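Colleague: return a 3D structure for these sequence lines:
(one chain, ligands or ions: 1)
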Amino acid sequence: LSQLFRPLDLLGMVYRTIRQGLIDMEAMYKLIDTETEVADAPGAPALQVAGGAVRFNAVRFGYDPEREILHGVSFAVPAGKTLAIVGPSGAGKSTIARILFRFYDIQGGTVSIDGHDISAVTQQSLRAAIGIVPQDMVLFNDTVGYNIGYGREGARQDEIEAAAKAASIHDFIMSLPQGYDTRVGERGLKLSGGEKQRVAIARTLLKDPPVLVLDEATSALDSRTETEIQTVLRDISRKRTTLVVAHRLSTVVDADEIIVLDAGRIVERGRHADLVRADGLYATMWARQATERDDMPEEPGIEDMF
Ligand code: ATP
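Modeller: The predicted structure follows:
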């Protein structure tokens with residue numbers, strides 16, 4: 001009889017193991033959830049944006065509590081001004097953008113927009129106020145029109161086209177077999193890095209946010225595309241508070257303030273000319289890029305300096 005029950009026992013063991021595994025997995029997800037969960041404070045009001053002034057005050061943050069990435073970062077971007085964040089790879093530049101969007105809660109200090117602590121307002125209202133043009137946008141498997149229109153619910157076709165024109169992508173879209181109805185993304189037409197970035201810009205224009213975060217592409221664009229994109233970005237950032245995570249110094253020359261981040265600390269700050277004169281890390285990076293530019297004007301890769 002025991003022979004007969006052995007397989008059943010075994011089955012029971014397998015069942016229990018799997019079940020335990022599932023429970024463990026659940027526990028693990030709960031842990032991850034609670035660790036990374038960004039929750040609205042009870043009764044949090046919506047963010048009221050006037051000009052969109054951004055302030056980081058002594059911000060400390062680590063993705064993992066054991067390893068702090070930002071060690072007390074402070075800066076202020078007055079409404080309508082542009083701040084450029086530069087520094088070596090891994091310094092924490094993109095992390096600053098993620099914190100402003102409140103993808104993560106910080107461990108020390110405050111982040112505010114127009115004086116309102118971003119952790120005290122609803123995430124929805126915060127995210128509605130900020131437009132992000134990411135390094136490499138992932139497109140929805142849908143039409144190119146949908147991908148732009150996503151910027152604002154209920155956007156009309158003429159508004160989508162106006163945004164596409166402003167982002168210099170309209171003519172390209174019109175040249176596609178089905179125009180705005182052409183399917184893009186993984187299962188549709190693959191767009192180049194520059195085209196994707198322009199779709200992201202058009203989407204952001206439609207959203208029309210008071211605060212803009214430009215996470216500059218690390219991937220190389222050809223120089224004509226890049227100049228075109230720079231012109232569009234300069235236009236759209238003119239009236240908005242803008243934070244540029246810059247990998248190429250040529251894009252930061254006109255910024256109202258530049259902060260140089262190194263291993264999670266601001267080591268220099270000022271305008272371009274001041275920083276070149278100061279002869280520190282920024283001046284070194286600038287000189288190195290200038291040499292690269294002279295040496296290989298047509299070559300991509302200048303941006304790899306950052
Ligand atoms: P780059 O110029 O290469 O894009 P960066 O200055 O933007 O770099 P961040 O992306 O802000 O750097 O990363 C800062 C540090 O945080 C790096 O050491 C990185 O390994 C770490 N980091 C980034 N994202 C995560 C994450 N999701 N989880 C854990 N660590 C992360």
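
Colleague: report the buried residues of the helix or strand encompassing residue 277.
Modeller: Here residue 277, judged by DSSP states H and E, is contained in helix 272-278. When burial is assessed from 16 or more other Cβ atoms under 10 Å, helix 272-278 yields the following buried residues: 272, 275-276. Every residue, glycine included, has its C-beta placed from N, CA and C.

Colleague: residues of stretch 281-291 that come out buried?
Modeller: Applying a neighbour-count criterion of 16+ other Cβ under 10 Å, one finds 281-282, 285-286, 289 buried in stretch 281-291.

Colleague: how far off centre is it?
Modeller: Shown here is stretch 281-291, whose average C-alpha point lies 25 Å from the average C-alpha point of the whole chain (Cα atoms, centre = their mean, to the nearest Å).

Colleague: check stretch 66-84 too.
Modeller: Chain-centre distance of stretch 66-84: 14 Å, with Cα atoms, centre = their mean.

Colleague: residue 48: neighbour count?
Modeller: When neighbours are counted by other Cβ atoms under 10 Å, residue 48 registers 12.

Colleague: quick check, it in contact with residue 114.
Modeller: Yes: with contacts defined as Cβ atoms under 8 Å, residue 48 counts as touching residue 114 at a distance of 7.2 Å.

Colleague: show me where the stretch 51-200 of the chain has helices.
Modeller: When secondary structure is read from DSSP state H, counting those that start in this stretch, the stretch 51-200 of the chain shows helices at 93-100, 123-129, 144-149, 157-166, 170-174, 193-207.

Colleague: show me what the very next helix or strand once past the helix holding residue 277 is packed against.
Modeller: Under the assignment DSSP H and E, the closest C-terminal helix or strand after helix 272-278 is helix 281-295. Here helix 281-295 is seen to pack against strand 257-262, strand 265-270, helix 272-278 when contacts are counted using 3 or more Cβ pairs under 8 Å, 6 or more residues apart in numbering; DSSP states H and E.

Colleague: just so I know, which of the ones you listed lies nearest residue 216?
Modeller: Closest to residue 216 of those, according to Cβ to Cβ: strand 257-262, at 13.4 Å.

Colleague: confirm residue 232 sits in a strand?
Modeller: No: checked against DSSP: H, G, I helix; E, B strand; the rest coil, residue 232 lies outside a strand; its state is helix.

Colleague: wait, doesn't it sit right on residue 169?
Modeller: No: at 9.2 Å, residue 232 does not count as touching residue 169 under the criterion of Cβ under 8 Å.

Colleague: that older thread, now render the buried residues of stretch 281-291 as JSON lines, adding pLDDT and distance to residue 223.
Modeller: As requested, the buried residues of stretch 281-291 are arranged in JSON lines below (pLDDT from 0 to 100; distance: Cβ to Cβ, whole Å):
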{"residue": "281", "pLDDT": "93", "distance to residue 223": "26"}
{"residue": "282", "pLDDT": "93", "distance to residue 223": "23"}
{"residue": "285", "pLDDT": "88", "distance to residue 223": "20"}
{"residue": "286", "pLDDT": "87", "distance to residue 223": "19"}
{"residue": "289", "pLDDT": "79", "distance to residue 223": "14"}
